[in-house]
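J.: A structural model of the following input is requested.
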Amino acid sequence: MQLLQILKLVAFPRDAIFICASSLCIAPPFLVAMVALHHSVPPEKRVYTHAALLFSSMYATYVSLNYVVQLATVIPAALHGGLGELQVLEQRRTRSSGTLMLWATSAWGPQR
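T.: Predicted structure coming up:
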């Protein structure tokens, strides 16, 4: 979708609707995968997967609420002439999460 945005083949609001709707669909399978992982590890390792389950639940709750707000409130308000007080909820800003993840993965490099 982002490549289509760069090439100017898809524009607002369709790009935002597609991104929010598809992102909303990611959380439930991720949570199911974490439950499956939890039940597949030995009992002595389950303390770690239990913590992962808790954080996964927090993630799923947060993104579900967030993307529902985007789809039901922010995008329609933007289409009807402006966000006004809802501007604080708008998420069409550039993010550098890819850069942050690349930086974070350097922690897994060889240890001295």
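
J.: in the chain, mark out all the strands, start to finish.
T.: Per DSSP state E, the chain carries no strands over any range.

J.: for it, what spans make up the helices?
T.: Under the criterion DSSP state H, helices of the chain are mapped to 2-6, 14-24, 27-40, 46-69, 75-79, 97-105.

J.: below-threshold pLDDT in the protein: ranges please.
T.: Scanning the chain for pLDDT under 70 picks out 92-112.

J.: please repeat the previous calculation with a cut-off of 80.
T.: The chain contains residues with pLDDT under 80 at 1-2, 5, 83, 85-112.

J.: save the helices of the chain as TSV, and put in mean neighbour count and distance to Val88 too.
T.: All C-beta atoms are positioned from the backbone trio N, CA, C, and that covers glycine. Output for the helices of the chain, formatted as TSV (neighbours: other C-beta atoms under 10 Å; distance: least, C-beta to C-beta, whole Å):
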stretch	mean neighbour count	distance to Val88
helix 2-6	11	23
helix 14-24	16	16
helix 27-40	14	23
helix 46-69	14	11
helix 75-79	16	12
helix 97-105	9	20
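
J.: now tabulate those in CSV and tack on distance to Glu90.
T.: As requested, the helices of the chain are exported to CSV (distance: least, C-beta to C-beta, whole Å):
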stretch, distance to Glu90
helix 2-6, 16
helix 14-24, 10
helix 27-40, 21
helix 46-69, 10
helix 75-79, 7
helix 97-105, 17
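
J.: pull the number of nearby residues for Leu71.
T.: If you count neighbours by other C-beta atoms under 10 Å, Leu71 ends up with 16.

J.: got the contact list for the closest residue to it other than its chain neighbours?
T.: Distances taken as C-beta to C-beta, 6 or more residues apart in numbering place Cys20 nearest to Leu71, at 5.1 Å, with adjacent residues excluded. The neighbourhood of Cys20, defined by C-beta atoms under 8 Å, 6 or more residues apart in numbering, consists of Tyr67, Gln70, Leu71, Ile75.
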